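**Student:** Sequence and predicted structure are below.
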Amino acid sequence: MTDISYLGASLPDTSDRMLFAVPKKGRLYDQCLGLLANIGIEFNRKPRHDIALVSNLPIALVFLPAADIAAYVAKGNVDLGITGLDIIRESQADGDVAELMRLGFGRCKLQVQAPQADGSLRSSSDLVGKRIVTSFINLTREHFAKLEGVEVEQMSTQVRFVSGSVEAACGLGLADAIVDLVESGDTMRAAGLHAIDTVLDTESVLITNKHARFPELAKTIKQRVEGILTARRYVLCQYNIARDRLETACGIAPGRQAPTVTPLEQDGWVAVSVMVEKSRLADSMDALQEAGATDILVLQIANARA
Ligand SMILES: Nc1ncnc2c1ncn2[C@@H]1O[C@H](COP(=O)(O)OP(=O)(O)OP(=O)(O)O)[C@@H](O)[C@H]1O
Ligand SMILES: O=P(O)(O)OC[C@H]1O[C@H](OP(=O)(O)OP(=O)(O)O)[C@H](O)[C@@H]1O
């Protein structure tokens with residue numbers, strides 16, 4: 001039986017519920033809450049409570065620091081969770097955790113950053129034997145041990161942990177370089193640092209324990225999330241075209257499975273409805289117009305299932 005009594009004095013009974021861990025604050029918080037709303041998870045979280053019962057599914061949400069979620073899932077204390085790939089790798093939880101799906105938000109890079117002013121530091125190899133400061137101590141050690149071609153215990157590069165404001169470490173004389181998360185690069189530029197290597201490309205991930213309870217419910221959640229991610233990736237494109245040009249048009253925008261084609265009242269013409277990836281939309285519309293399509297309309301998709 002999972003002991004979650006540390007989460008609140010008057011805990012609700014969660015024994016018949018799947019425990020789903022989500023970040024309680026930070027970079028992933030807003031996107032996670034948006035996703036939960038989009039997949040129809042309804043809950044009422046009381047102030048200062050880190051556990052909330054979902055009213056329309058047998059789920060209890062557990063709000064935890066993103067950095068701890070992979071470990072909780074790995075140990076089976078919670079069944080399902082959302083956290084960063086960087087945290088999963090750093091927690092060395094890969095063996096016990098199954099990645100259900102990448103979620104496409106919280107995208108950033110774990111990078112080796114060195115002072116711009118020090119022209120001698122141009123790659124990770126230039127840092128062998130030097131001092132590195134990071135919050136990602138395991139990933140950093142693995143990175144430099146691999147580079148040195150030795151086991152972590154034998155490597156000469158010194159890796160020291162700090163829990164935050166990692167970018168300050170070089171300026172304060174604690175480190176020759178750092179390893180930290182970078183998205184826009186603004187934080188590192190402001191600290192006079194620049195990227196010399198990337199350790200990991202990361203994004204948020206839906207994870208489950210490999211032996212988790214409620215596998216059917218986890219599958220339902222996964223399907224719902226897939227629907228939302230598909231809807232975010234695609235738009236619905238509708239156009240009219242002469243039937244003898246239909247083949248060319250379908251070649252331009254073949255859709256996920258196949259376009260839906262409906263005859264128009266006008267002889268020899270059809271209406272086509274097709275899902276198009278947003279990233280290719282402008283090019284597809286240009287090409288469809290060139291191929292003779294008219295009345296090309298683009299509609300947002302709120303949700304999608306296979
Ligand atoms: N700049 C960023 N851009 C995109 N995603 C990020 C960024 N920084 C962090 N993340 C992602 O969000 C996760 C949580 O980071 P965040 O800084 O929000 O942690 P936190 O739980 O608020 O902890 P703390 O505030 O103590 O650092 C990271 O592990 C990473 O996956
Ligand atoms: O490349 P950027 O867009 O500037 O983002 C990078 C910053 O974001 C993260 O920290 P965050 O702001 O979440 O705060 P933290 O330092 O408290 O973890 C990370 O640790 C960097 O400091």
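**Tutor:** Cool, got the structure. Ligands and ions are numbered 1, 2, ... in the order given.

**Student:** contacting residues around the closest residue to ligand 2 within the stretch 201-306 of the chain?
**Tutor:** Using C-beta to the nearest ligand atom, the closest approach of the stretch 201-306 of the chain to ligand 2 is made by residue 202 at 11.2 Å. (C-beta placed from N, C-alpha, C; glycine too.) Shown in contact with residue 202 (C-beta atoms under 8 Å, 6 or more residues apart in numbering): 84, 85, 86, 106, 107, 108, 109, 110, 181.

**Student:** Please name the nearest non-neighbouring residue to the fourth one.
**Tutor:** Excluding its sequence neighbours, the residue lying closest to residue 106 (C-beta to C-beta, 6 or more residues apart in numbering) is residue 204, at 3.9 Å.

**Student:** From residue 37, how far out is the one you found?
**Tutor:** 16 Å (C-beta to C-beta, to the nearest Å).

**Student:** and if you look at residue 48?
**Tutor:** In terms of C-beta to C-beta, residue 48 sits 21 Å off from residue 37.

**Student:** Now that residue 205 has come up, it's in contact with residue 82, right?
**Tutor:** Yes: with contact defined as C-beta atoms under 8 Å, residue 205 reaches residue 82; the gap is 7.2 Å.

**Student:** Compare these two (neighbour count), which wins?
**Tutor:** residue 82 (25 against 22; other C-beta atoms under 10 Å).

**Student:** Ramachandran coordinates for the more buried one?
**Tutor:** phi -120, psi 130 (degrees, to the nearest 10).

**Student:** and this structure, what are its domains?
**Tutor:** What automatic domain parsing lists as the domains of the chain is 5-105+204-213, 108-202, 234-300.

**Student:** and the second one, anywhere near ligand 1?
**Tutor:** Yes: with C-beta under 6 Å from any ligand atom as the criterion, ligand 1 is reached by domain 108-202 at 108, 164, 181, 183, 202.

**Student:** List just the nearest of the residues you listed to residue 41.
**Tutor:** Nearest to residue 41 out of the residues of domain 108-202 next to ligand 1 is residue 202 (C-beta to C-beta; 24.3 Å).

**Student:** Beta-bridge partners for that closest one, please?
**Tutor:** Legend: beta-bridge partners of residue 202 under DSSP bridges are residue 108.

**Student:** and it, what pLDDT?
**Tutor:** pLDDT recorded at residue 202 is 98.

**Student:** Kindly report the same for the one 3 residues further on.
**Tutor:** Predicted confidence (pLDDT) at residue 205: the value is 98.

**Student:** ditto for the one 3 residues further on
**Tutor:** Model confidence at residue 208, given as pLDDT, is 96.

**Student:** now do residue 261
**Tutor:** Taking residue 261 on its own, its pLDDT is 97.
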